[in-house]
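In: Here's a sequence, model it:
(one chain, ligands or ions: 3)
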Amino acid sequence: MSRSNENIVLIGMMGTGKTTVSSLLADRLGYKLVDIDAEIEAQEDCPIPVLFEQKGEAYFREVETSVLLRVLDQSSQIISTGGGSVLKPLNCDAMKKAGWVVALTASAEAIIRRVSANRDRPLLAGNVEERVHQIMRERQSKYSFADLTVDTSEMEPEEVVCYILAHHRV
Ligand SMILES: Nc1ncnc2c1ncn2[C@@H]1O[C@H](COP(=O)(O)OP(=O)(O)O)[C@@H](O)[C@H]1O
Ligand SMILES: O=C(O)C1=C[C@@H](OP(=O)(O)O)[C@@H](O)[C@H](O)C1
Ligand SMILES: [Mg+2]
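Out: Numbering: from 1, shown residues only. Ligands and ions are numbered 1, 2, ... in the order given. Next comes the predicted model:
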């Protein structure tokens, strides 16, 4: 982290706490909060599960990239990405260039517990346990380009924020 107006970009598997932690971080730093999923829903005027159902994942990924690149063009933001935004190398390159990238991780057990509270993640439809294990296997190495990695399994969101701030050189 070198520039004080740099973005902080949170990446990680679904349920690692990106949306929750980003909001707390933005409050603490007084940065603008941008949740890429919320931006997609606003731009498309459509909830993500409906977008997946009506247009398919490939369409969602195209919109995700265009929204992400547009947002990364600005500075001084806390950006919460969707868990699959790391699937395209183009997205990862843009995140690295435009910000300090923090990866949140968690055990499969913690993720399953957290995502089971609601059913708004289309990729976890069906058997949640199986889907979480499978997607974690598929994406195993995809988050390793981050500048900082935080295992949130045993941490409260506020503790995650403190850990990130302690490692954040403004
Ligand atoms: N560190 C944490 N400990 C316990 N629960 C958490 C933690 N971080 C997030 N949660 C909860 O897990 C769920 C998913 O969190 P969310 O921020 O939406 O994750 P993501 O954006 O990475 O998918 C939410 O109900 C949230 O309150
Ligand atoms: O991992 C993924 O492919 C996805 C993660 C979701 O965001 P969260 O990681 O915030 O749950 C959302 O973008 C969409 O359901 C797809
Ligand atoms: Mg989220």
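
In: what helices or strands is the helix or strand that contains Met136 leaning on?
Out: Per DSSP states H and E: Met136 is located in helix 128-138. Counting contacts by 3 or more C-beta pairs under 8 Å, 6 or more residues apart in numbering; DSSP states H and E, helix 128-138 packs against helix 108-115. For every residue, glycine as well, the C-beta is placed using N, CA and C.

In: rewinding a little: return the distance of the helix holding Met136 from the chain's centre.
Out: What separates the centre of helix 128-138 from the centre of its chain is 17 Å, taken as C-alpha atoms, centre = their mean, to the nearest Å.

In: One more: stretch 130-144?
Out: The answer for stretch 130-144 is 14 Å, by C-alpha atoms, centre = their mean.

In: ok, now stretch 66-86?
Out: 9 Å.

In: mean confidence score for it?
Out: Across stretch 66-86, the average pLDDT comes to 98.

In: does ligand 2 sit close to that stretch?
Out: Yes. Counting by C-beta under 6 Å from any ligand atom, ligand 2 has neighbours in stretch 66-86: 82-84.

In: thinking again about what came up before, mean confidence score for the helix holding Met136?
Out: 98.

In: got it, and stretch 27-36?
Out: For stretch 27-36, mean pLDDT rounds to 97.

In: now do the same end-to-end measure for that stretch.
Out: End-to-end distance for stretch 27-36, by C-alpha to C-alpha, to the nearest Å: 17 Å.
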